[in-house]
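Chemist: quick one, structure for this:
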Amino acid sequence: MNTSTLKEKIMQSVDSTHSVTLINECKRSSKENETLFFLKPEFFLLEDFDKTDSLLTLIFEKINEFNIDISGVLALKGGFLKEARIIERHYGFINRMSVEGSKLLTNEDYEKICKALSFDSLDGFIIKGGHELINSEDGFDEARVTELWYSKDSFRMGEGFYIQYHNIKGKNVIIINGFNPHQIKHYTDRDSKIVLFLLQTDTDWTALRSRFVGDTFPESAAEGSIRNILYRNAEKYGIKSISVADNFVHTSSGPFDALFEICNFASNIKGVNFSRYNTNIYYLMKEKFGLTETDFKNSIDNPTAVINGEKTDLFSFTKNKNTLEAITEYKNYFMGKIAG
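Modeler: Numbers count the residues shown, from 1 in each chain. Alright, predicted model coming up:
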């Protein structure tokens, strides 16, 4: 399907009443690297529809520039994402810490928090995840927590685990992942929609992340990347705000993260003929590396291992690595391990 036809079908999907719209049939990749790339809800919330068309033109130009092939396109509405709990799974640990962080903290976490905030003790402090705060405090909703969160810098305690200290109504409160309630609601609102692209390429994964899409913080994105272009030309594209919270596009961080995301977003959907077994990484693991079905399924659960004295998970360890190298690392360090 040519670019102009794809653009037209994507624009039509925005107004469609269907929860799922298959825009371009999904097929297995023949290139080494296969990633899930998607246009976030803010992409389709611009007041001027012509600007959305211009944005799509930019996306297709960048896909072509980096020698990337499109192997499938799919539009999903917010209601479907909510009902299928896709976004909750997508944000995984980040979301869990927002929903029930106060129950998940370990003694080691308390020590890290004290050190980060320069407190001797957390006695008398209330600790709440972003969602927990909304459920426990009158007058707090996603917008209020988001405003509070972006009023100051946060502290990173670990992968997917961020905190801030606030005095709320005279109470000392530590908020965990206060940015998360907004992003969940943003995706799952009834009028929201995203458009998924299954992309395949032999371009290095580091280039996909840094030079094709750009840094999570658009103001820090590499020159010429999608997020850099949108940040520096916001007015041209009718963008009122672009930030780490709303940065318009997403791509998987590495091959195994991509495998999880493809399975989560695009597989086993009625009317979409695609599953985990259609992924290139499945083919390579089975045919080139001789791995078993159990090995493949285990990799999706993101197992952990101690490497050079540090505990890490498969998705993080293989971030920005090409697929063959990532599978080799899985064999060397993570086979037979369990998710931590």
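Chemist: ok, K193 touching L45?
Modeler: No. Applying Cβ atoms under 8 Å as the test, K193 and L45 come out as separate, 9.5 Å apart. Yep, even glycine has a C-beta here, placed from its N, CA and C like the rest.
Chemist: so those two - more neighbours on which side?
Modeler: Between K193 and L45, counted using other Cβ atoms under 10 Å, K193 has the larger neighbour count: 26 against 16.
Chemist: need the next SSE after the lengthiest helix in the chain, C-terminal direction.
Modeler: Across the chain, the longest stretch assigned as helix under DSSP state H is helix 86-104. Counting by DSSP states H and E, the element after helix 86-104 in chain order, helix or strand, is helix 107-117.
Chemist: which positions within that next one qualify as buried?
Modeler: By 16 or more other Cβ atoms under 10 Å, the buried positions in helix 107-117 come out as 109, 112-113.
Chemist: just checking, what packs against the strand or helix carrying H131?
Modeler: Per DSSP H and E, H131 falls inside helix 130-136. Where contact means 3 or more Cβ pairs under 8 Å, 6 or more residues apart in numbering; DSSP states H and E, helix 130-136 is packed against helix 86-104, helix 142-149, strand 171-176, helix 180-188.
Chemist: run through who's touching it.
Modeler: 98-102, 128, 140-142, 145, 149, 173, 175-181 (Cβ atoms under 8 Å, 6 or more residues apart in numbering).
Chemist: now that helix: average pLDDT?
Modeler: For helix 130-136, the mean pLDDT works out to 95.
Chemist: and it, which residues are buried?
Modeler: By neighbour count with 16+ other Cβ under 10 Å, helix 130-136 contains the buried residues 130-134.
Chemist: same thing with stretch 278-293?
Modeler: 278-282, 284-285, 291.
Chemist: circling back to that earlier point, quick one: buried residues of the longest helix of the chain?
Modeler: In helix 86-104, counting by 16+ other Cβ under 10 Å, buried: 86-88, 90-91, 94-99, 101-102.
Chemist: what is the nearest of those to G254?
Modeler: Closest approach between the buried residues of helix 86-104 and G254, by Cβ to Cβ: H90, at 15.1 Å.
Chemist: so that closest one versus F274, what's the distance?
Modeler: 17 Å (Cβ to Cβ, to the nearest Å).
Chemist: quick one: which of the buried residues of helix 86-104 is nearest F49?
Modeler: I87 (25.1 Å).
Chemist: residues contacting the closest one?
Modeler: Taking Cβ under 8 Å, 6+ apart, we find I87 in contact with 81, 95, 183-184, 187-188.
Chemist: can you rerun that using 6 Å?
Modeler: I87 makes contact with 81, 184, 187-188 under the criterion Cβ atoms under 6 Å, 6 or more residues apart in numbering.
Chemist: could you do L39 as well?
Modeler: L39 neighbours (Cβ under 6 Å, 6+ apart): V195.
Chemist: give me the pLDDT for it.
Modeler: So L39 comes in at 97 (pLDDT).
Chemist: and it, its phi and psi?
Modeler: Torsion angles at L39 (phi, psi; degrees, to the nearest 10) stand at phi -90, psi 120.
Chemist: which strand residues bridge it?
Modeler: L39 has these beta-bridge partners by DSSP bridges: V195, V249.
Chemist: so where's the stretch 201-340 of the chain uncertain?
Modeler: Across the stretch 201-340 of the chain, the ranges flagged by pLDDT under 70 are 340.
Chemist: can you tell me how far R96 is from F317?
Modeler: The spacing between R96 and F317, counted by Cβ to Cβ, is 21 Å.
Chemist: also D301?
Modeler: On the measure of Cβ to Cβ, D301 and F317 end up 14 Å apart.
Chemist: neighbour count winner among these two?
Modeler: Per other Cβ under 10 Å, whichever of D301 and F317 has more neighbours is F317, with 19 against 14.
Chemist: what's the neighbour count on the closest residue to the more buried one other than its chain neighbours?
Modeler: Once flanking residues are discounted, F317 sits nearest to E329: 6.2 Å by Cβ to Cβ, 6 or more residues apart in numbering. E329: 19 surrounding residues under other Cβ under 10 Å.
Chemist: what residues of the helix or strand harbouring E329 count as buried?
Modeler: Using DSSP H and E, E329 maps to helix 323-329. For helix 323-329, burial by neighbour count (16+ other Cβ under 10 Å) applies to 323, 326-327, 329.
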